[in-house]
Every structure is written in C-alpha cells, then in structure tokens.
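S.K.: mind folding the following:
(chains A and B)
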Amino acid sequence: MSALLAVYRHPHARLVFRVVVGAVFIAASLDKVEHPVAFARAVSYYHMIPPQALNAFALLVPWVELLAGVALVAGLASRGAALLVGGLLVVFIVALVSAISRGIDISCGCFSTTTGEGHKVGIDVVIRDVAMLAAVLPVVRLGGGTLSLDAVFGARRRAAAPTERSAA
Amino acid sequence: MSGNGGGLARAFAEGAVLVVLSAGIAIGSNAARKEPVPLRGDARLYSLDVDLPVISARDAAAGFDAGDHVFLDARDADAFRAGHVAGAFSVEPDEFLDRYAAIGSFLTGDTRTVVYGAVAEPGHVEKLAKALLDAGVTQASLLLDGYEGWAAAGGQTETGDDPTIEESGGGESEPQ
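M.R.: Take a look at the predicted model:
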C-alpha cells in the first residue's frame, strides 16, 4: 500500500498526471472559448446556475480551463493550476451526478458545445472526472514533479540566493 | 505541517492569479468579438422550467428515422410554413386543445413526442410542453436548440402548411 502511495506521489507520476489532465482541459476548453453562448445554453440544461449568471460563467470557465491546462502541462504554477482544475472537477462531478439523479438526458457539454455532439451525461463521465480529480491531488499537495517549469525556476532561485547573499 | 499549509497557501495564490488572468482575457476577448456576449445571461434562452427531458438533435433524428418520434412545432404558422421538421404538426400553444382533437391519437403508445420551437422564443415551447403534460402526454422531450439546432444538424425539413389543419378546416389531406 505504501509502495503504491509512493508511486502515486512520485515526481514522474505527477508529470504524467499533470500533462494528461492539462491536455484534456486544453482540448475541452477550445470549443467553449470559441462558442460561449452555445456553452451557456449547454450549461443551462443542467438547471443549476441562475440564468443571469450563465453568460458570465460561460465566458470565464473555458478560459480558466485553458490557462489552467496550459499551466499544468508546462508545470508553471502547478499547484494553483491543479487546485483550480480540482475545484472545477468537483463542480462538474456535482453537476453530472445531479443531472443523472434528475434524469436529464443531455450531452455533458464537456468537450463540444455543438448540438448532438459529445458525450452524454452518464456515470462514465463521472468516473472520468473522478479519475482526473485523483490525478491532480498529488500535484496540489506536492507540486508539478519532474520536468516542471516550477522546478526549473525554483532551482535557479536556490542557485541565485547564495550569490545574492554573498553580494550583500 | 507548516510546510503543507504554506504549500496550500501558495496553491491558492497561484490559483487566484490564474483566475484573474483568465477573467481579464475572457473580458478582453469578448469585447473584441464582433457581437460581444452580454455578461448577464439571456433569460429568454435559459429560463425554461418544464419537467421534461431534453433531447439532442442527433437523438431526435435517430427517433425520426425509426419513425417512433412525433414532432410538435410550437412556433407560429408563418414560421412553420417557412420551414419545419419534416412531418411535424404545427401546434401553437394557445390552440393546443383544438389541435389535440386532431393529433392526440398520434401522441399515444410508444411514440415519443418531441416539442420544439424557436430558440429566441422558448416561452412557446414551455407553454406547449406544459399543455402536453396537462393532457397526460408524459412521453415527451424538448428538442435541444429548437428548430435552428435541428436544421443545423442536418435534420430533414420541409416547407408549407400543416395538412391536418387544412383537414380540420374542411380539407382532405392525410396527416404526415
């Protein structure tokens, strides 16, 4: 069990987690960024957000998905990006479970806002989101791991720190 | 323990920066659109409150091909005449009870009734859907994105009046 946990938290594993989840979020954001009204309508079918807030939600969330996705892939601000992605995933999971429990038969609006395209709301989408949530947790807690820009900048800062001290 | 707390604080700070950046880009890119999206939602489009499932154009088209879906068009007669789902019945919500006498027999059994309208006038769909439920037709769905969505998805359309209206007005056409 501890060996499994060690693998789960390993820097290489965190690299894989953040690149995969980041790429998924980038892919999921592109159509929504381009078509915010269609995304707003897709979100409206969940009947969870007040109509007055739908457009603002539909304008903001795709950009958060895109920037957080890019940050995750690059390993820049990894913890913050992973926290945002985790928060969004929690919201998505709650919305999906709510829709399933109310028998709302719609496309999930996860990747495509086009009518009739994309995955329908279902337990498989919930499982996918839960898996992604599990993948970003170690990144929130421990950082981006291998090949992250955070590590590069952190190393530079550490290398520069003694020089600055000696210069002072 | 303090290290974890510091890590979480850093995560929140980074997350906040990303959200602010995203909001700035979202507002900027929206302002640069030819037709910027109003920040407040359009309640006309999003305020449907009917306890019926929504069906996508793709799924409705599958039902259309299988011949077990009946389509009710909630728009006015002019819009219907200009183009409608092939074989749909024109049922303006205020005339539902009169029309139900002519088409009610098509809305029973295993048939699924699909209600649609214009995206800009969801009130018509809502009113017709509620009338259907009151009449006991519960095997019904609302078509996602209305007639525009159906046409955009390549669904079969046709033009002209509803023959069942002509029939009830003294014509002899058969319902489609």
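
S.K.: how about residue A:139, what does it touch?
M.R.: For residue A:139, the contacting residues are A:14, A:17, A:18, A:72, A:78, A:79, A:81, A:82, A:145, taking CB atoms under 8 Å, 6 or more residues apart in numbering or on different chains as the criterion. (Each C-beta comes from the backbone N, C-alpha and C, glycine too.)

S.K.: how about the helices of the chain, start to end?
M.R.: Using chain A here. Per DSSP state H, chain A carries helices over the ranges A:2-9, A:11-34, A:36-44, A:51-74, A:78-101, A:123-142, A:149-167.

S.K.: hmm, I had chain B in mind actually
M.R.: B:2-31, B:43-46, B:57-66, B:77-82, B:96-103, B:122-134, B:146-152, B:163-168.

S.K.: TSV for the ones you listed, including distance to chain A?
M.R.: Formatted as TSV, the helices of chain B follow (distance: least, CB to the nearest CB, whole Å):
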stretch	distance to chain A
helix B:2-31	2
helix B:43-46	4
helix B:57-66	3
helix B:77-82	19
helix B:96-103	24
helix B:122-134	10
helix B:146-152	4
helix B:163-168	28
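
S.K.: between these, which has the poorest mean confidence score?
M.R.: When the helices of chain B are compared on mean pLDDT, helix B:43-46 scores lowest, with a mean of 54.

S.K.: confidence score at residue 153?
M.R.: Using chain A. Note on residue A:153: pLDDT of 87.

S.K.: switch to chain B, that's the one I care about
M.R.: According to the prediction, residue B:153 has pLDDT 84.

S.K.: could you give the number of residues near it?
M.R.: By other CB atoms under 10 Å in any protein chain shown, the residues close to residue B:153 number 18.

S.K.: roughly how far does the spatially closest residue to it that is not a sequence neighbour sit from residue A:150?
M.R.: For residue B:153, ignoring the flanking residues on the chain, the nearest one in space by CB to CB, 6 or more residues apart in numbering or on different chains is residue B:57 at 3.7 Å. Computed with CB to CB, to the nearest Å, the distance linking residue B:57 and residue A:150 is 45 Å.

S.K.: between those two, which one's more packed in?
M.R.: Between residue B:57 and residue A:150, counted using other CB under 10 Å, residue B:57 has the larger neighbour count: 28 against 21.

S.K.: just checking, the more buried one touches residue B:157?
M.R.: No. Residue B:57 is beyond contact range of residue B:157, at 11.6 Å (criterion: CB atoms under 8 Å).

S.K.: mutual contacts of the two, please.
M.R.: In terms of CB under 8 Å, 6+ apart, residue B:57 and residue B:157 are both contacted by the residues residue B:150.

S.K.: looking at chain A, which residue is nearest chain B?
M.R.: Among residues of chain A, the one nearest chain B by CB to the nearest CB turns out to be residue A:80. It sits 2.3 Å away.

S.K.: next, count neighbours for residue A:7.
M.R.: Using other CB under 10 Å, the number of residues around residue A:7 comes to 10.

S.K.: roughly how far does it sit from residue A:161?
M.R.: 32 Å.

S.K.: ditto for residue B:23
M.R.: Taking CB to CB as the measure, residue B:23 falls 34 Å from residue A:161.

S.K.: repeat that for residue B:160.
M.R.: When distance is defined by CB to CB, residue B:160 is 79 Å away from residue A:161.

S.K.: test my guess that residue A:57 contacts residue A:40.
M.R.: Yes. With contact defined as CB under 8 Å, residue A:57 and residue A:40 form a contacting pair (7.2 Å).

S.K.: out of these two, which sits in the busier spot?
M.R.: Here residue A:57 and residue A:40 are set side by side on neighbour count (other CB under 10 Å), and the busier one is residue A:40, at 27 against 18.

S.K.: which residues touch residue 18?
M.R.: Picked chain A for this. A:72, A:73, A:75, A:78, A:81, A:82, A:135, A:136, A:139, A:144, A:145, A:148.

S.K.: look at chain B instead
M.R.: For residue B:18, the contacting residues are A:64, A:67, A:68, A:71, A:77, A:80, A:81, A:84, by CB under 8 Å, 6+ apart.
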